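> Below are the sequence and a predicted model; questions follow.
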There are 2 protein chains.
Amino acid sequence: MKNNTGTSESLFLNDENICMATDLYQLTMVAGYFERGMNHKSTFELFVRCLPVRRSYLIAAGLEQVIYYLRNMRFTAEYLKYLKNLSIFKNVSREFFDYLKGFHFSGDVYAVPEGTVVFANEPIIRVTASMIEAQIIETYLLSMINYQTLIASKASRVVHAADGRGVIDFGTRRAHGPQAGVLAARACFIGGCVGTSNVLAAYELGIPPIGTIAHSWVMAYDDEYESFQDFNKVFPDNTILLIDTYDTIKGAKLATKIGKKLKGVRLDSGNITLLSKRVRKILDDAGLEQVKITASGDLNEYKISQMLAKGARIDSFGVGTEMVTSKDVPALGGVYKLVEQEIEEKLMPKMKFSKDKSTCPSKKQVYRFLDKKQLFKKDIIGLVDEEFDANELLLPVMKKGKLVCKVPTVQQIQKTAAKNISQLPEKLKDLDSTTEYSVTISKRLRQVREKTKKSKDS
Amino acid sequence: MKNNTGTSESLFLNDENICMATDLYQLTMVAGYFERGMNHKSTFELFVRCLPVRRSYLIAAGLEQVIYYLRNMRFTAEYLKYLKNLSIFKNVSREFFDYLKGFHFSGDVYAVPEGTVVFANEPIIRVTASMIEAQIIETYLLSMINYQTLIASKASRVVHAADGRGVIDFGTRRAHGPQAGVLAARACFIGGCVGTSNVLAAYELGIPPIGTIAHSWVMAYDDEYESFQDFNKVFPDNTILLIDTYDTIKGAKLATKIGKKLKGVRLDSGNITLLSKRVRKILDDAGLEQVKITASGDLNEYKISQMLAKGARIDSFGVGTEMVTSKDVPALGGVYKLVEQEIEEKLMPKMKFSKDKSTCPSKKQVYRFLDKKQLFKKDIIGLVDEEFDANELLLPVMKKGKLVCKVPTVQQIQKTAAKNISQLPEKLKDLDSTTEYSVTISKRLRQVREKTKKSKDS
């Protein structure tokens, strides 16, 4: 415990401490495996058991940060000392901590490329490594994939509702802490957003940064129009004005006085559908047909869809809280399960039987079948060595701990996602879709499952 | 854009890049203030407009990380270069970026100590600084306070429902990214949890780390009992076994074979209330009355409350997803609003009139009145110089950018929160409380608000 001296802590993650960004039971288990000589070659798969309510597909995201973690996670002396001194480890040998000192991930990783549409029970990542290496990484993988996949999937719905209009991520202030804001910006962009207000995400990932003024700008002036004029003087080519601080209609009229240099106005409160029509008319009557209207203020896919259905005259949407927290479904229940072990050169399928939580054994591949129009037709989850006339979704990412694929940029990933969405049957894109995409288990995988189950029952 | 070379990015925050963990409009606005000579001394307040549904109080949390940010946020050359080159800043003078180069926060901060119970509209943080300094910090403050306050408040409900039994944070894997997992562990501890599975939070903050095994431990063995025995060999004093991998009742019977060295069992699936009674009996029949039962698996305050009402025999609860995402209310809508400016030595109260989003002007203080039993009786939000026979909640934290308070440890904060909760009227602690705590506005503040409104209307 360092924090008893009145100093303050950042609680940042970094290359040194990511080894600690895990659940204690990962460390007790790997200590146990080490001490009991149970470090067999093992395979784990990360997947989502069932799609959350109101989600008919997911967009896989977060792999790049997982790769970073796998390539960089080490145990430094400072943390090893702390762990060694925890009372729970008092019977664990010095050799285990020496092992951790030299730890680096040296396993094989297959994964669905980021931006790919996935469904329930389809492995998103498959890790084959020594039991210790495969186990110890679980928590970090889950926290990264669960969150980014959740948000990319939510953003995809919002973008779909906006029906061609731009959606901008405005969510950082309501994201679950500063890092979540950056991760959300990335995932929202993958899901189809055109930009973000998050400057760090813009810098790190080349996402267009977007934003002009808040209410405080207008409130800092005695006179609303003076505040508009002043902003225009400093940002003549980016004069997008927030016009609802006092009265939206009055604000719109004042904004028109800026003239042709006005680029856009933003509505953030009130009946935005109604106001957008009135503001559009005010702008058009002033000969400012080119001026865009942006809407913001607790928007989500349903509100956007309803606003557009009612004829709202909005050109782009700033979406925050609802998108970056995936407010209607704020967690994705991805899990990471042991599916196979190699013991004395024999592959042993592994499965769990817990009520409602049973798993499917063996190393798996997802086979995606397309129809003649290149639309997704059905998926079969099968064993890795099956042969189907279909695309294999899981591709090699790391071999023996080395990267064996080119990590795509987030711009490329956004394109992958857009292409995937374009191949998705229309019905699945409905906000309240009840259509279920066909995902079945191959005959051979079914046989392995039955056999594994029987061997355990007997 | 750095990321087009196949390298992978961590998306960590650090001392260098926290300046960028903000919304673009903060930077455009401060550039505007700089260019237009609008850098007056200003006061902003951070508060929550209304309590979320099913919340009758909040526990303030996150201040320590805000202090860290305020003391350490600087603009380094790398980021200034990026900003300068953004097209939106093309008309902004070189002097502004020189100003940012020397930027450090030199303002005054008052805040409600972490762990304090707060209600709607009560300022949690009050910042007085130059307009630029006070504005530029908004996004980071909001993201930190919104999330930790949200989670401390949720955890407090879960802890209340557990009625004296220990609650442990198991949420990292479902938190919104790895940093959110650490922040959640901190906030859950403030809210009354007894420990966390998050090893980094344990290390950084001295929170007890808790955890033993997952299903993969049991599945790694052919024989369930052998897996139990092996764990006991390595962790003889911490043998808490997960018994639901195949069949909870069989698992419980196998666990009893460990004998007196068994410390606890964990149930993670099925009808936990029923199973807990049967498992308790199995343990007791084996003479293992001292063995504790822990429950986990998508628990929340309502489920815990129901389980206990039905006589579940559970000694502690591991709570994850629902607590660290505050699943029923996954975002707190804290805002940060300009309330006053000092222009030519005159204090100008500031307020916003937007529909449903109007604000209250002037620097404020929260006055908390206690009854004879030291229970919270009512709060009055008033001007800072009013005199009431009540406790003032906002205390000095920084003066001219220097820390003027001792930053409490998270253990001290947990005690503050527990004391606050003990002073809260019982009715407010009900999970479905509809009681509203009395928070009113002082006569003098009401007068200032009316006067400010009139001056704007005229």
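Thanks, I have the structure now.
> Find me the pLDDT at the closest residue to chain B within the stretch 101-250 of chain A, would you?
Of all residues in the stretch 101-250 of chain A, A:Gly206 sits closest to chain B, at 2.9 Å by Cβ to the nearest Cβ. Placement of C-beta: from N, CA and C, glycine included. A:Gly206 is assigned a predicted lDDT (pLDDT) of 95.
> Would you check how far apart it and B:Val182 are?
From A:Gly206 across to B:Val182, the span is 28 Å (Cβ to Cβ, to the nearest Å).
> Ok, A:Lys250 next?
According to Cβ to Cβ, A:Lys250 stands 46 Å off from B:Val182.
> same thing with A:Val319?
Using Cβ to Cβ, we find A:Val319 at a distance of 27 Å from B:Val182.
> Same drill for A:Gly206 and B:Val182, tell me which one is more crowded.
B:Val182 (30 against 16; other Cβ atoms under 10 Å in any protein chain shown).
> part of a helix, is that one?
Yes. Using DSSP: H, G, I helix; E, B strand; the rest coil, the secondary structure at B:Val182 is a helix.
> low-confidence ranges in chain A?
Under the criterion of pLDDT under 70, the regions of chain A flagged as low confidence span A:1-8, A:355, A:457-458.
> okay, now the domains of it?
Chain A breaks down into these structural domains: A:17-150+A:330-457, A:153-324 (assignment by automatic domain parsing).
> Comparing those, which comes out most buried?
For the domains of chain A, ranked by mean neighbour count under the definition mean count of other Cβ atoms under 10 Å in any protein chain shown, the leader is domain A:153-324 at a mean of 22.
> Please tell me how far the most centrally placed residue in chain A sits from A:Ala61.
Taking Cα atoms, centre = their mean as the criterion, A:Gln148 is the residue nearest the geometric centre of chain A, at 1.2 Å. Using Cβ to Cβ, one obtains 4 Å as the distance from A:Gln148 to A:Ala61.
> swap in A:Pro113?
The span separating A:Pro113 from A:Ala61 equals 10 Å under the rule Cβ to Cβ.
> what's the answer for A:Ile125, then?
Computed with Cβ to Cβ, the distance linking A:Ile125 and A:Ala61 is 12 Å.
> Common neighbours of the two, please.
When Cβ atoms under 8 Å, 6 or more residues apart in numbering or on different chains defines a contact, the residues bordering A:Ile125 and A:Ala61 alike are A:Ile145.
> just the helices in the stretch 101-250 of chain A please.
A:131-136, A:138-162, A:178-190, A:199-205, A:215-219, A:224-234, A:248-256 (DSSP state H, counting those that start in this stretch).
> Which secondary structure elements does the shortest one sit against?
It refers to helix A:215-219. For helix A:215-219, the packing partners by 3 or more Cβ pairs under 8 Å, 6 or more residues apart in numbering or on different chains; DSSP states H and E come out as helix A:224-234, strand A:239-242, helix B:24-35, strand B:334-343.
> tell me the contacts of the closest residue to A:Ser87 other than its chain neighbours?
With sequence-adjacent residues excluded and distances taken as Cβ to Cβ, 6 or more residues apart in numbering or on different chains, A:Ser87 is closest to B:Asp237, at 7.7 Å. Shown here is B:Asp237, whose contacts under the criterion Cβ under 8 Å, 6+ apart are A:Ser87, A:Ile88, A:Lys90, A:Asn91, B:Lys261, B:Lys263.
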